[in-house]
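Just to be clear, the model below is a prediction. Sequence and coordinates:
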Protein chains: 2
Amino acid sequence: MKIAIDAMGGDNAPESVVKGALKARDEFKDLELILYGDEQQIRALIANDERIKVVNTTEVIGMNDEPVKAIRKKKDSSLVVAANAVKAKEADALFSCGNTGALLTAGLLLVGRIKGISRPGLLSTLPVVSGQTGAFNLLDSGANADSKPEHLYQYALLGKYYAQNVRGLKEPRIGLLNNGTEPHKGSKLTQEAYQLLAADESLNFVGNVEAKDLMQGVCDVVVADGFTGNAVLKAIEGTALAVMSLLKDTIKNSGTKGKLGALLLKDDLKSIKGRMDQAQYGGAVLLGVKAPVVKAHGSSDARTVYYTLKQIRTMIHEEMVPNFTTYWQAQQALAKEVSNGGKATE
Amino acid sequence: MKIAIDAMGGDNAPESVVKGALKARDEFKDLELILYGDEQQIRALIANDERIKVVNTTEVIGMNDEPVKAIRKKKDSSLVVAANAVKAKEADALFSCGNTGALLTAGLLLVGRIKGISRPGLLSTLPVVSGQTGAFNLLDSGANADSKPEHLYQYALLGKYYAQNVRGLKEPRIGLLNNGTEPHKGSKLTQEAYQLLAADESLNFVGNVEAKDLMQGVCDVVVADGFTGNAVLKAIEGTALAVMSLLKDTIKNSGTKGKLGALLLKDDLKSIKGRMDQAQYGGAVLLGVKAPVVKAHGSSDARTVYYTLKQIRTMIHEEMVPNFTTYWQAQQALAKEVSNGGKATE
């Protein structure tokens, strides 16, 4: 399997991207990696180019570039050339740590939507602190600011396939993010989405869930409009960071007693940090397009890049996109048949 | 000044409510408190009834009662009778730890909206971990699931008056919760709200803010639609609790070394808990109605009740609602004049 990598995206590119790629290449013998970017810079970081191909590109899309414009104008950028390789089926997935909007645009315009999926959504993975599952998925976590009920329903189907294929959950519990758990609660959007979700018996829909319970593992996949999903994702990340930094500052400004206490607790604090670490789950995945399109944080180090490539490998290995597409096409055909009054079966 | 208190609302009612009320009464000599509820139960908790009045009521609105129905049917409930006292100007503010929806409904239907405020919003106060202000306000944190741009604009005005009158901030920094900081970012709703906020030069509008930066003190008042605001509030509360409980569990399951470390860090951990403690800021305030209507958590103890009464006292003392109403009426008159082509001034 081949992964097209934008080697120039992110704060620490190309170094962290290349180092992470080499680590993944060494661990997974079925991986072939294509690195797009400044060939000279990239080659300088590679001692052994087994299953590594470098494609030289002359442009870079920066963090502040306007996404649609950048994709249209910077034809020889590392991201656009990599995305076109996926479009041409020369690679099975697209990965970047660069400009999120540009990557999403490349996913939509170049890799392309699965027929009938009107709004691909961005799936993020976040840790839970209790229960056995270790994490939950949230989508849409920011691809679309305005959503309709059918988009939320499609996110549930897409998220289910992710949780099954990547996380190995047999019947992922799907929850609808809402401002109360009762079925009638919420905005017009969530009230209508609730009906669609509840009507699909193939989904293990556990009903409405509240943002306060997500880290307690109340469900495996949380469905939300991209505006609220993005806000909740950032609120969780910001709060976890704020509490941990408050802890750190308090200890730093503490007396000898506190400092000694912190020293004794060092291993425990480290294990908490490990538990809260998002990098282990890989990057955010644009679901609903014809191949995995995956974004890792701009600040990603080699370790995060490695984990994200591992995650992408699983998606390809388990054939997540083909599995979903087969299911989805059958559903679409069935829906068409029903709307034709069953004539197609006569 | 007089505060009407629903003594029967909340998990620990009437005990915690009455105890907290007594503490506030003892501290603030200008406070007169009217407790609504089961007179026998309440009287049993009061040794000295100086500046305390008890009004017997025979019904209680439970946490699971449907709000509108409960307000209409349970005419002799502690909440409805207390709200009617505020309506009749026998009290200056309404306070309850009970059913949030019922309290909001009582605020809207009985206390009543300020003319021209179409959707009163719920303001919450949350801690920040850096900077000098100690906290930020978030509204709407859940009164309305669906909002229009003008509602968000009204929240900014209402939040500004709260921050000025209660928190003593001269020019509160107003931020619009969005999924990016650039002015063009967001949903249709936030894009239009941005224009309204930016156009009002009387507001110290600092632009879009992201949920991850709220606890870093990026602004004093955050404006959001009630659906997203509620989700962000619960995400922050849930994450802070999750991280703290993870810390506690890790220490509990730790060896002797970790336990000793925790013992030495006890004071520091306590100070963090204090810093994150929301109770010190009082309850959530329904803004846009004719008197302060304030909700504290159902699980409130006497201390939280005390802090919330202190907060209500400040609102009454600083004349927050009259100040806002005077400003708002002038604005409305001005807007009317402008829309009449200035004829009124000729």
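All right, it came through fine.

quick one: buried residues of the longest helix seen in chain A?
Across chain A, the longest stretch assigned as helix under DSSP state H is helix A:226-252. Within helix A:226-252, the residues that count as buried by 16 or more other CB atoms under 10 Å in any protein chain shown are A:226-244, A:246-247, A:250-251. The C-beta positions use only the backbone N, C-alpha and C, and glycine is treated the same way.

Over to stretch A:147-161?
A:147, A:149, A:151-161.

do stretch A:30-44 as well
Buried, per 16+ other CB under 10 Å, within stretch A:30-44: A:31, A:33, A:34, A:35, A:36, A:37, A:38, A:42.

What is the burial count for the closest residue to residue A:204 other than its chain neighbours?
Leaving aside its chain neighbours, residue A:204 sits nearest to residue A:171 (4.4 Å; criterion: CB to CB, 6 or more residues apart in numbering or on different chains). Residue A:171: 12 surrounding residues under other CB atoms under 10 Å in any protein chain shown.

And the pLDDT for the residue of the stretch 1-150 of chain A found nearest chain B?
Closest contact between the stretch 1-150 of chain A and chain B, by CB to the nearest CB, is at residue A:145 (4.0 Å). What the model reports as pLDDT for residue A:145 is 93.

What of residue A:152?
Residue A:152 is assigned 98 on the pLDDT scale.

and the gap between it and residue A:180?
17 Å (CB to CB, to the nearest Å).

Now the phi/psi pair for residue A:167, please.
phi -100, psi -10 (degrees, to the nearest 10).

thinking it is in contact with residue A:123, fair?
No. Counting by CB atoms under 8 Å, residue A:167 stays clear of residue A:123, with 11.0 Å between them.

Identify the contacts common to these two.
residue A:137 (CB atoms under 8 Å, 6 or more residues apart in numbering or on different chains).

out of those two, which sits in the more crowded spot?
Remark: of residue A:167 and residue A:123, residue A:123 carries more neighbours, 27 against 19, as counted by other CB under 10 Å.

Give the phi and psi angles for the more buried one, as a check.
Backbone geometry at residue A:123, expressed as degrees, to the nearest 10, gives phi -100, psi 130.

same question, the one 4 residues further on
Dihedral angles phi and psi of residue A:127 (degrees, to the nearest 10) take the values phi -80, psi 150.

burial count for residue A:98?
Residue A:98: 28 surrounding residues under other CB under 10 Å.

contacting residues around residue A:164?
A:170, A:172.

Distance check, it against chain B.
26 Å (CB to the nearest CB, to the nearest Å).

any idea which helix or strand comes after whichever strand or helix holds that residue?
If you go by DSSP states H and E, residue A:164 is part of helix A:149-165. Where DSSP H and E defines the elements, the next helix or strand beyond helix A:149-165 is strand A:173-177.

do that next one and chain B meet?
Yes. Judged by CB under 8 Å from any CB of the partner chain, strand A:173-177 and chain B are in contact via residue A:177.

how far off helix A:226-252 does that strand point, in degrees?
90 degrees (axes from the mean of the first three to the mean of the last three CA atoms, to 10 degrees).

and the closest residue to residue A:77 other than its chain neighbours, how many residues sit next to it?
Distance criterion CB to CB, 6+ apart; nearest residue to residue A:77, sequence neighbours excluded, is residue A:59 at 4.0 Å. Neighbourhood size, residue A:59 [other CB under 10 Å]: 17.

so what's residue A:59 up against?
Contacts of residue A:59 (CB under 8 Å, 6+ apart): A:74, A:75, A:76, A:77, A:78, A:80.

Please tell me the pLDDT value assigned to the third one.
What the model reports for residue A:76 is a pLDDT of 98.

how about the residues of the stretch 1-150 of chain A near chain B?
Residues of the stretch 1-150 of chain A lying near chain B (CB under 8 Å from any CB): A:129, A:142, A:145, A:146.

Drop anything exposed from those.
A:129, A:142, A:145.

quick one: which of the contacts of residue A:59 has the most company?
residue A:78 leads the contacts of residue A:59 on contacts (other CB under 10 Å) with 31 neighbours.

Would you agree that one is in contact with residue A:58?
No. Taking contacts as CB under 8 Å, residue A:78 lies outside contact range of residue A:58: 9.2 Å.

before we move on, back to that, can you redo the buried ones among the residues of the stretch 1-150 of chain A next to chain B as a markdown table with secondary structure?
Below are these laid out as a markdown table (DSSP: H, G, I helix; E, B strand; the rest coil):
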| residue | secondary structure |
| --- | --- |
| A:129 | coil |
| A:142 | coil |
| A:145 | coil |
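
mind giving me the domain split of chain A?
A:1-117+A:288-346, A:123-242 (automatic domain parsing).

where does chain A dip in pLDDT?
Low-confidence segments of chain A (pLDDT under 70): A:342-346.

My reading is that residue A:55 is in a helix; is that accurate?
No. If the criterion is three-state DSSP, then residue A:55 is strand and not within a helix.

most centrally placed residue in chain A?
Computing the C-alpha centroid of chain A and ranking residues by CA atoms, centre = their mean puts residue A:284 first, at 1.9 Å.

what is that one paired to in the beta sheet?
residue A:295 (DSSP bridges).

got a list of what it touches?
When contacts are counted by CB under 8 Å, 6+ apart, residue A:284 touches A:122, A:123, A:124, A:141, A:294, A:295, A:296.

go again using 6 Å as the cut-off
With contact taken as CB atoms under 6 Å, 6 or more residues apart in numbering or on different chains, residue A:284 is in contact with A:122, A:124, A:295.

and the nearest residue to residue A:28 once chain neighbours are set aside, how many residues sit next to it?
Distances taken as CB to CB, 6+ apart put residue A:313 closest to residue A:28, at 5.6 Å, once the chain neighbours are dropped. Neighbourhood size, residue A:313 [other CB under 10 Å]: 21.

Having no further points to raise, I will conclude here.
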